[in-house]
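# here is my input, please return the structure:
(one chain, ligands or ions: 1)
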Amino acid sequence: MSFDNLGLDDRLLSAVRSMGYTAPTPIQEQAIPLVLAGRDVVGCAQTGTGKTAAFVLPTLQRIQSRPGAPRALVVTPTRELALQIDEVARTVSRTTRHRTAVVYGGVGYEPQRQAMKRGVDMLVATPGRLLDLAGQGHVDLSRVEVLVLDEADRMLDQGFWPDVRRILALLPSKRQNLLFSATMTDEVLKVIGETLTDPAHVDVSPPSRPIEAIEQALYPVSGEQKNDLLVKMINHHGCERVLVFTRTKHRADRVARTLDRAGIRSAAIHGNRSQAQRVKALDEFKRGRCRVLVATDIVARGIDVEGISHVINFDLPNVPEDYVHRIGRTARAGKSGWAFTMMAPEEHDNLRDIEKTIGAIIERGDDITGFDYSGDRLVPDPARTHAGPRKNPAPQGARRQGRRGGSGRYNRSGAQR
Ligand code: AMP
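Sure, this is the predicted structure:
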């Protein structure tokens with residue numbers, strides 16, 4: 001399949017080439033022709049599937065660039081997502097000559113007001129700030145022809161729905177609606193029923209293939225050993241671009257400090273950071289100026305950085321689905337990736353829930369040179385215990401975990417595979 005057969009015109013095809021995409025992802029292949037045909041579309045797809053381009057490309061083809069009020073509106077729950085969508089929209093607009101703008105809370109109003117004044121074709125927004133600007137008369141939503149609701153499930157979870165309803169009331173009733181959601185809960189389906197007209201459904205989830213492209217490995221350790229293991233893990237595997245997840249903001253800061261002290265440049269990104277700090281951290285990570293980004297789940301879905309080689313779960317997530325979101329930050333766009341998970345004894349129940357959710361056992365990782373693996377003695381589940389000193393420690397440098405045969409893999413029954 002190529003982009004040539006989806007109905008995109010030459011300007012958009014040229015934009016696709018400028019982004020370096022050679023073939024459409026499944027969501028793009030399915031959604032682009034439907035959007036171009038003017039249909040309402042429900043896309044069940046997670047971040048990482050290429051959904052942003054799936055709505056940005058055809059939407060920009062459908063709207064003409066005219067000075068004045070936005071013709072396309074994208075509503076998304078977080079600033080990070082808004083910035084990432086805006087980045088794709090801006091890249092495409094370089095070729096199509098549309099004007100795009102992004103508005104979100106936590107920063108000054110004036111630059112956003114000025115951007116609205118200059119005129120916008122596609123506006124990307126988080127709900128609260130959009131309502132503020134609309135309430136103050138700085139955004140006119142009466143010309144919107146295409147509405148995109150991105151991460152609808154998350155907007156519902158985070159209590160944004162009353163705001164979204166207020167936004168819907170400001171839009172013309174005749175418009176095209178595109179709704180994307182990682183999950184289709186009853187609540188989301190209700191919203192679809194209320195908001196969309198005869199929508200076409202496109203489903204590319206759950207991402208069973210992406211998760212299979214990720215080599216997962218488990219490292220049972222005591223809580224006190226986690227810092228030491230993290231540093232040795234990153235050095236041992238030669239991890240290039242690493243995303244580390246912690247349970248709390250405080251722990252994220254602490255882990256970033258520990259890594260810095262060990263000579264591994266890192267930055268932390270979480271809900272307590274100001275917008276400017278978050279943007280700076282993400283930017284430094286994207287540009288390779290720091291090797292490790294430490295994050296909490298609240299910002300996980302908004303992190304869309306190419307070439308993350310490793311995701312390390314410093315703490316297990318409390319919600320099993322978050323595990324899938326976290327590790328999905330690696331192995332993007334067909335590349336392979338590694339996901340290492342540290343587990344302290346008290347996190348064992350979380351692990352069991354995650355394994356139930358993903359329908360697979362996360363196998364024990366190879367030994368790390370220079371790390372005393374006393375964690376083996378701490379695991380309540382004997383099936384996971386390490387049978388003895390490893391004779392063939394893993395070689396230096398990144399290597400795949402958890403799937404190859406050979407030494408060091410144990411199944412549930414404790415038998416070596
Ligand atoms: P998204 O799901 O929109 O967050 O996209 C995930 C990642 O896939 C982004 O880094 C995109 O740049 C990349 N991507 C999207 N579409 C394609 C494509 N057709 N070919 C290669 N990479 C893509």
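# my read: Asn318 touches Leu351, true?
No. Asn318 is beyond contact range of Leu351, at 11.7 Å (criterion: Cβ atoms under 8 Å). Placement of C-beta: from N, CA and C, glycine included.
# settle it for me: which of those two has more neighbours?
Leu351 (22 against 11; other Cβ atoms under 10 Å).
# neighbours around the closest residue to the more buried one other than its chain neighbours, how many?
Nearest non-adjacent residue to Leu351, counting by Cβ to Cβ, 6 or more residues apart in numbering: Met343, 5.5 Å away. Met343 has 24 neighbours, counted by other Cβ under 10 Å.
# and Met343, how far from the ligand?
Here Met343 is placed at a distance of 28 Å from the ligand (Cβ to the nearest ligand atom, to the nearest Å).
# residues in contact with Thr197?
The neighbours of Thr197, taking Cβ atoms under 8 Å, 6 or more residues apart in numbering as the test, are Asp40, Asn177.
# so Ile361, which of the three states?
Following DSSP: H, G, I helix; E, B strand; the rest coil, we place Ile361 in the coil state.
# relative to Arg99, how far out is it?
From Ile361 across to Arg99, the span is 51 Å (Cβ to Cβ, to the nearest Å).
# grab the longest helix from this protein for me.
The longest helix of the chain (DSSP state H) is helix 79-96.
# what average pLDDT does that one get?
The pLDDT scores in helix 79-96 average 95.
# kindly report the same for stretch 279-293.
Stretch 279-293 shows a mean pLDDT of 87.
# now do the end-to-end distance for it.
For stretch 279-293, the first-to-last residue distance is 12 Å (Cα to Cα, to the nearest Å).
# SS state for the residue in the stretch 51-200 of the chain that the ligand sits nearest to?
Closest contact between the stretch 51-200 of the chain and the ligand, by Cβ to the nearest ligand atom, is at Thr52 (3.2 Å). Under three-state DSSP, the three-state class of Thr52 is helix.
# ok, the next helix or strand after the longest helix of the chain: who's next to it in the sheet?
With elements assigned by DSSP states H and E, the helix or strand that comes after helix 79-96 is strand 100-103. With DSSP bridges as the test, strand 100-103 is paired with strand 122-125 (parallel).
# tell me the buried residues in the partner strand?
Met122, Leu123, Val124, Ala125 (16 or more other Cβ atoms under 10 Å).
# what about the last one, distance to Pro24?
The one in question is Ala125. 26 Å.
# I'd say the residue nearest to Leu351 and Pro220 touch.
Yes. Applying Cβ under 8 Å, one finds Met343 in contact with Pro220, separated by 5.0 Å.
# is it correct that Ile368 falls within a strand?
No. Counting by three-state DSSP, Ile368 is not part of a strand but coil.
# can you list the domains in this protein?
Following automatic domain parsing, one finds the domains of the chain at 3-203, 210-417.
# these: lowest mean pLDDT?
Note on those: lowest mean pLDDT is at domain 210-417, with a mean of 74.
# chain center to that domain: distance?
16 Å (Cα atoms, centre = their mean, to the nearest Å).
# let me see the ranges of the strands in the chain.
With DSSP state E, the ranges of strands along the chain come out as 41-44, 72-75, 100-103, 122-125, 146-149, 176-181, 200-203, 214-220, 242-245, 266-269, 292-295, 310-313, 337-343.
# which helices and strands sit right next to the second one?
The helices and strands touching strand 72-75, judged by 3 or more Cβ pairs under 8 Å, 6 or more residues apart in numbering; DSSP states H and E, are helix 51-62, helix 79-96, strand 122-125, strand 146-149, helix 161-169.
# for Asn313, find the nearest of those.
Nearest to Asn313 among these is helix 79-96; the distance by Cβ to Cβ comes to 19.6 Å.
# report the spatially closest residue to Ser142, excluding sequence-adjacent ones.
Closest residue to Ser142 apart from its sequence neighbours, by Cβ to Cβ, 6+ apart: Pro172 at 6.1 Å.
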